[in-house]
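Asker: model this:
(one chain, ligands or ions: 3)
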Amino acid sequence: MSAGKTRDTVLELSDISVRFPSGSDWLGRPTSHVHALNGVDLDVQRGETLGIVGESGCGKSTLAQVLLGLLQPSEGLVSGAAASDESALQIVFQDPQSSLNSRMRVWRVITEPVFARQRKSTMELRRLAVELAAKVGLREETLDRYPHEFSGGQRQRIAIARALSSDPDVIVLDEPTSALDISVQAQILNLLDELQRERSLTYIFISHDISVISHMCRRVAVMYLGQIVEIGDAASLLAHPRHPYTQLLLGSVPTLEEDGLGEFIEETELPSNRRLPSGCFFFDRCSFATEACRQPQQLIDGVRCCRAEELALTAAG
Ligand SMILES: Nc1ncnc2c1ncn2[C@@H]1O[C@H](COP(=O)(O)OP(=O)(O)OP(=O)(O)O)[C@@H](O)[C@H]1O
Ligand code: SF4
Ligand SMILES: [Mg+2]
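Answerer: Ligands and ions are numbered 1, 2, ... in the order given. Alright, predicted model coming up:
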């Protein structure tokens, strides 16, 4: 979205929490909960690519499921133009091997989301599959094959065609290229780029890979233990991360030993999402932690760290 254009929110999450029950006692009651999302506020603007990064288990896929309406949050509200419209939202998963129905011919796989929701004749569905196959660079004569007969990259093209079939506004891409070779990755990213321009699609792009995020996204949200700890313009966030966790993630840890701040990061275990810390969730791993950090941290001006401003000043010298 260009600067100056009015904001057009397609999806909005307000204070979303998701807890999964875990274990059970003799009465079948859960003995604990996994706190997968903990108070997530997020808006998605029409036409943008919003990146979501964070290490394994931080809640990225859970967030995707909530955005898609596939998972009811324990708390909070999902709203926005696309929220009430199933066909407006689609997803492409990391592993097209397991996400595509292996017993269906490719043209059926591609048109499945449409078949499920609209009354279309076989001929109409077939025609749609041919059109979408061409869009994603699949040859028409491959449409009668089965997904397992394709390479990883081609399967991901099938998954993208499938996602496009209901003419969605928003596509969630959950690690769409992580399982692919580098050269194939680039082809798929280019394809996604092209399709976005052509169809004014909104992408929510989940990835571990910072270089992919930096290539694809205008805005990026960094997640830690089910919270957004930093969010903002991708270029400036990646060049000047403000949250100590983002700095760790990007490997751009400032050396502040001479200022007496000591080693940046303690080698500690990831805190468990079964028992959340009461203050800053990053407390145990952050060596900038002080008493003030024992208070719950709010996301202020795009960063969830009460020391962010002070640390930036220190780093700037
Ligand atoms: N259906 C479920 N039942 C119980 N726990 C779950 C369920 N789905 C996810 N979790 C837990 O919630 C937390 C967040 O999981 P999620 O899959 O959202 O993480 P992620 O960031 O997508 O990780 P990855 O990068 O490995 O895909 C994890 O601790 C996970 O084990
Ligand atoms: S609030 Fe404190 S513990 Fe948390 S990231 Fe900031 S400095 Fe570190
Ligand atoms: Mg995931």
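Asker: Mind listing residues that contact stretch 62-77?
Answerer: Outside of stretch 62-77, the residues within contact range by C-beta atoms under 8 Å, 6 or more residues apart in numbering are 11, 13-19, 36-37, 39-40, 42, 44, 52, 78, 83, 86, 89, 91, 170, 172, 174, 204, 206, 223, 226. Every C-beta, even on glycine, is put in place using the N, C-alpha and C of the backbone.
Asker: Off-centre distance for that stretch?
Answerer: 13 Å (C-alpha atoms, centre = their mean, to the nearest Å).
Asker: Pull up the distance across that stretch, start to finish.
Answerer: End-to-end distance for stretch 62-77, by C-alpha to C-alpha, to the nearest Å: 15 Å.
Asker: Could you tell me the average pLDDT over that stretch, please?
Answerer: The predicted model gives stretch 62-77 an average pLDDT of 96.
Asker: Can you mark which positions in that stretch are buried?
Answerer: Across stretch 62-77, burial judged by 16 or more other C-beta atoms under 10 Å covers T62, L63, A64, Q65, V66, L67, L68, G69, L71, P73, G76.
Asker: How about stretch 31-43?
Answerer: Quick answer for stretch 31-43 (16+ other C-beta under 10 Å): H33, V34, H35, A36, L37, N38, G39, V40, L42, D43.
Asker: Next: stretch 275-291.
Answerer: By neighbour count on 16+ other C-beta under 10 Å, the buried set for stretch 275-291 is L276, G279, C280, F281, F282, F283, R285, C286, F288, A289.
Asker: hang on, I16 in a strand?
Answerer: Yes: according to DSSP: H, G, I helix; E, B strand; the rest coil, the state of I16 is that of a strand.
Asker: surely it meets V40?
Answerer: Yes: I16 is within contact range of V40, at 4.4 Å (criterion: C-beta atoms under 8 Å).
Asker: picking up where we left off before, let me have the buried residues of stretch 62-77 in CSV, adding distance to L311 and secondary structure as columns.
Answerer: Converted to CSV, the buried residues of stretch 62-77 look like this (distance: C-beta to C-beta, whole Å; DSSP: H, G, I helix; E, B strand; the rest coil):
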residue, distance to L311, secondary structure
T62, 29, helix
L63, 27, helix
A64, 31, helix
Q65, 34, helix
V66, 31, helix
L67, 31, helix
L68, 36, coil
G69, 38, coil
L71, 35, coil
P73, 32, coil
G76, 30, strand
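Asker: Fine by me, we can end here.
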